[in-house]
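Visitor: I'll drop the sequence and a predicted model, then ask my questions.
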Amino acid sequence: MGIRYIKEPDLIDPVMLASWPGIGNVGLIAVEAMRKSLRSEQLAYIEPWDYFYPNKAIIRKGELIELGFPASDFYFQRTDKRDIIFFTGEEQPTEGSRLYAEGSKAFSMANIVLDVAQKFGCKRIYTSGAAVAPLHHTARSRVWAVPNSETMLEELKKYDNTILMSGVEGREGQGTITGLNGLILGVARRRGMEAVCLMGEIPVYLQGFPFPYPKGSKSVLEVLIAALGIWMDMDSVNQLAEESEKELTGLYEKLPQEVKDQLDRLKQVTVAAPESGETITEEDKRKILDDIDRFFKSQGGDEQH
């Protein structure tokens, strides 16, 4: 078990951006888009043996030559403003039947990711994921922020389209982050490192379906660009977001009118300032999810759309 380094560059006061697959792949799309736009170079990778089972068998000319495992890769790039280390994992390590990363494997991976961050002098870590929210897919996704240090609160409040998770209506100052995105924050705090999770909103009615949601990723990237003071080409993410909305709107048009009427209520929902907009109850959310689920099941072959 360990890290294999491909390069060991001298980096100046870098930050780390880390992400794994999750609901809508919101965080992973964001981090990968920035990594590719900045043309980062591979730095290292985590050996997979102690974390994952093989996920494919590689066959060449009829012969099985190798087993494939989920990748866990580090990249780096120097920019005019600051140096950046990227970490992207193709899978979160789980144990037993658990859906999200937790337990000894997850704790070990969180520590090994932070080992790399500290080796190169990172003092701040950004993770990213999805925030399930009562919004319509045509609306702009906001970013929920959760820092592991009180000193970061005022900074995060300054960013456009960003709200502290504790300020979201109905949460009474509380919240949870599942998987490695939350675990990294806790482990970093124990090491005296700043860390923040930026979560792009995804409509509540999409949380159970395997749709990527790049609109949430776009909002996360806008905050990261402002926080890091860098420039990146957003064309690919904008295109993904536009295509996704077009596809979801096409699916929306197939819904029964009574379901569409319920979803249209979400256009008026305000999740942070209930006095200025309509709120939606947990019972409303359950009804919407039940109706959407029944629709997909009734469509048979359309479930994998």
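Guide: On my side now, so go ahead. Numbering: from 1, shown residues only.

Visitor: now the strands for the protein?
Guide: In the chain, the strands defined using DSSP state E lie at 3-5, 15-19, 41-46, 56-60, 63-68, 72-78, 83-89, 124-133, 143-147, 162-164, 194-203.

Visitor: I'd like the distance from the last one to the chain centre, please.
Guide: The gap between the average C-alpha position of strand 194-203 and the chain average comes to 7 Å, counting by Cα atoms, centre = their mean, to the nearest Å.

Visitor: neighbouring strands of it in the sheet, and parallel or not?
Guide: strand 124-133 (parallel), strand 143-147 (antiparallel) (DSSP bridges).

Visitor: what's the answer for the third one, then?
Guide: When sheet partners are counted by DSSP bridges, strand 41-46 sits next to strand 3-5 (antiparallel), strand 72-78 (antiparallel).

Visitor: and what of the second one?
Guide: Taking DSSP bridges as the criterion, strand 15-19 sits next to strand 83-89 (parallel), strand 124-133 (parallel) in its sheet.

Visitor: now do the fifth one
Guide: Strand 63-68 has its sheet partners listed here by DSSP bridges as strand 56-60 (antiparallel).

Visitor: so which of the strands paired with strand 194-203 is nearest residue 254?
Guide: Residue 254 sits nearest to strand 124-133 of all the strands paired with strand 194-203, at 22.8 Å, using Cβ to Cβ. Quick note: C-beta positions are derived from backbone N, CA and C, even for glycine.

Visitor: low-confidence stretches in this structure?
Guide: 1, 96-101, 169-175, 269-282, 284-285, 289, 291-305 (pLDDT under 70).

Visitor: now the helices for it?
Guide: 26-37, 104-119, 153-157, 179-190, 214-228, 235-253, 257-265, 282-299 (DSSP state H).

Visitor: of all those helices, which lies closest to residue 46?
Guide: helix 104-119 (6.0 Å).

Visitor: elements contacting the closest one?
Guide: Counting contacts by 3 or more Cβ pairs under 8 Å, 6 or more residues apart in numbering; DSSP states H and E, helix 104-119 is packed against strand 3-5, strand 15-19, strand 41-46, strand 83-89, helix 179-190.

Visitor: give me whichever of the ones you listed is most buried.
Guide: Neighbour counts averaged per stretch over these are highest for strand 15-19, at a mean of 25; criterion: mean count of other Cβ atoms under 10 Å.

Visitor: tell me which residues are up against it.
Guide: Residues outside strand 15-19 that contact it (Cβ atoms under 8 Å, 6 or more residues apart in numbering): 27-28, 30-32, 34-35, 82-89, 113, 116-117, 122-129, 180-181, 184, 224, 228.

Visitor: next one: that strand to chain centre, how far?
Guide: The answer for strand 15-19 is 11 Å, by Cα atoms, centre = their mean.

Visitor: what's the answer for stretch 9-19, then?
Guide: Distance, centroid of stretch 9-19 to centroid of chain: 19 Å (Cα atoms, centre = their mean).

Visitor: do the same with stretch 241-258
Guide: On Cα atoms, centre = their mean, the centre of stretch 241-258 falls 22 Å from that of its chain.

Visitor: follow-up on the earlier one: dump the strands paired with strand 194-203 to TSV, plus distance to residue 20 and mean neighbour count.
Guide: Shown next, in TSV, are the strands paired with strand 194-203 (distance: least, Cβ to Cβ, whole Å; neighbours: other Cβ atoms under 10 Å):
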stretch	distance to residue 20	mean neighbour count
strand 124-133	8	25
strand 143-147	16	25
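
Visitor: got the ones you listed as TSV, with distance to residue 12 columns?
Guide: As requested, the strands paired with strand 194-203 are arranged in TSV below (distance: least, Cβ to Cβ, whole Å):
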stretch	distance to residue 12
strand 124-133	14
strand 143-147	23
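
Visitor: closest to residue 265 out of those?
Guide: Here strand 124-133 is closest among the strands paired with strand 194-203 (Cβ to Cβ), at 13.7 Å.

Visitor: between helix 214-228 and that closest one, find me the angle.
Guide: Angle, strand 124-133 to helix 214-228, by axes from the mean of the first three to the mean of the last three Cα atoms, to 10 degrees: 150 degrees.

Visitor: tilt between strand 124-133 and helix 26-37?
Guide: Using the same axes, to 10 degrees: strand 124-133 against helix 26-37 is 130 degrees.
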